[in-house]
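Trainee: what follows is a predicted protein model with its sequence.
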Amino acid sequence: MVSLTVAPCGHDAASYATKNWHYSRSMPVPPRTMFGAWEDDKFIGVVIFSRGANPQLGSPYGLEPSQCCELTRVALSQHESPVTKIVAAAIRALREHSPGLRLIISYADPYQGHHGGIYQAGNWVYTGATSSARSYVDRAGKTWHTRQVSESGFKRQFGEMRPVPRPSQLTRIDTPGKHRYLMPLDKAMRRQISKLALDYPPPLAVEGSEETRPATGRESRVRSPATAL
């Protein structure tokens with residue numbers, strides 16, 4: 001049996017994992033909290049929490065921005081530990097890091113072949129799918145939400161002007177809604193969102209999730225929590 005360690009990690013380790021082992025090949029925009037995962041001291045990936053692309057993420061649940069976050073990346077290489085175990089360990093570490101947090105939201109994207117199996121196995125609450133949306137794809141194959149692009153080349157995100165792609169330089173695509181999963185972090189929040197619970201969606205005919213399967217078997221250069229921090 002391998003020894004699993006989940007602990008805070010630095011930007012370099014998280015960036016390496018997302019660029020090599022996640023279908024987006026990119027880091028989420030800050031602010032973000034990053035937890036690396038190691039099996040027998042070998043770095044196997046990262047779990048990242050952030051505010052996501054929606055600044056009003058917690059508003060439908062009566063929460064302030066500091067009380068709600070999104071699980072935005074699960075980027076893993078070859079590993080033996082169940083993904084649900086790694087994510088659960090990251091959530092425990094997050095609760096210690098952010099004691100005022102009450103709710104975590106995550107999305108499974110059918111366009112990427114995901115239905116949310118890791119969330120179902122982790123007993124997350126499913127509340128349905130978001131509306132279908134228009135997105136854009138750049139030449140590298142990265143998908144950009146409409147909130148992440150601007151014809152000016154800049155857009156205000158979480159109070160800061162940041163460079164973003166121009167829609168005219170991207171390919172427009174229409175994408176289906178994403179499956180929404182919620183993880184309450186206290187009893188009152190669980191009671192509140194349990195009223196929203198729906199039946200889990202079934203697995204897709206072909207699910208090639210790179211959040212549950214490694215994108216590549218390449219070895220990581222990061223070896224231990226000490227070297228990654």
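Mentor: Done, it's in.
Trainee: for the closest residue to residue 88 other than its chain neighbours, what are phi and psi?
Mentor: Of all residues not flanking residue 88 in the chain, residue 122 sits nearest, at 6.3 Å (CB to CB, 6 or more residues apart in numbering). Using the backbone N, CA and C atoms, a C-beta is placed for each residue, glycine as well. Per-residue torsions, residue 122: phi -90, psi 10 (degrees, to the nearest 10).
Trainee: and residue 122, what's its pLDDT?
Mentor: Looking at residue 122, its pLDDT stands at 96.
Trainee: that one touches residue 84, doesn't it?
Mentor: Yes. With contact defined as CB atoms under 8 Å, residue 122 and residue 84 form a contacting pair (4.5 Å).
Trainee: which neighbours do these two share?
Mentor: The contact sets of residue 122 and residue 84 do not overlap (CB atoms under 8 Å, 6 or more residues apart in numbering).
Trainee: okay, helices next: where are they in the protein?
Mentor: 11-21, 83-97, 117-121, 187-194, 225-228 (DSSP state H).
Trainee: got CSV for those, with distance to residue 33 and mean neighbour count too?
Mentor: Converted to CSV, the helices of the chain look like this (distance: least, CB to CB, whole Å; neighbours: other CB atoms under 10 Å):
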stretch, distance to residue 33, mean neighbour count
helix 11-21, 10, 20
helix 83-97, 6, 18
helix 117-121, 19, 20
helix 187-194, 19, 14
helix 225-228, 14, 16
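Trainee: next, format these as TSV and append distance to residue 55.
Mentor: Output for these, formatted as TSV (distance: least, CB to CB, whole Å):
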stretch	distance to residue 55
helix 11-21	22
helix 83-97	20
helix 117-121	23
helix 187-194	20
helix 225-228	30
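Trainee: could you list the low-pLDDT ranges of the chain?
Mentor: The chain contains residues with pLDDT under 70 at 157-159, 205-229.
Trainee: domain-wise, how is it divided?
Mentor: Following automatic domain parsing, the chain resolves into domains at 4-129+181-228, 133-175.
Trainee: most packed of these?
Mentor: For those, the largest average neighbour count (mean count of other CB atoms under 10 Å) is found in domain 4-129+181-228, namely a mean of 18.
Trainee: for that one, what is the distance to the chain centroid?
Mentor: Put simply, domain 4-129+181-228 sits 4 Å off its chain's centre (CA atoms, centre = their mean, to the nearest Å).
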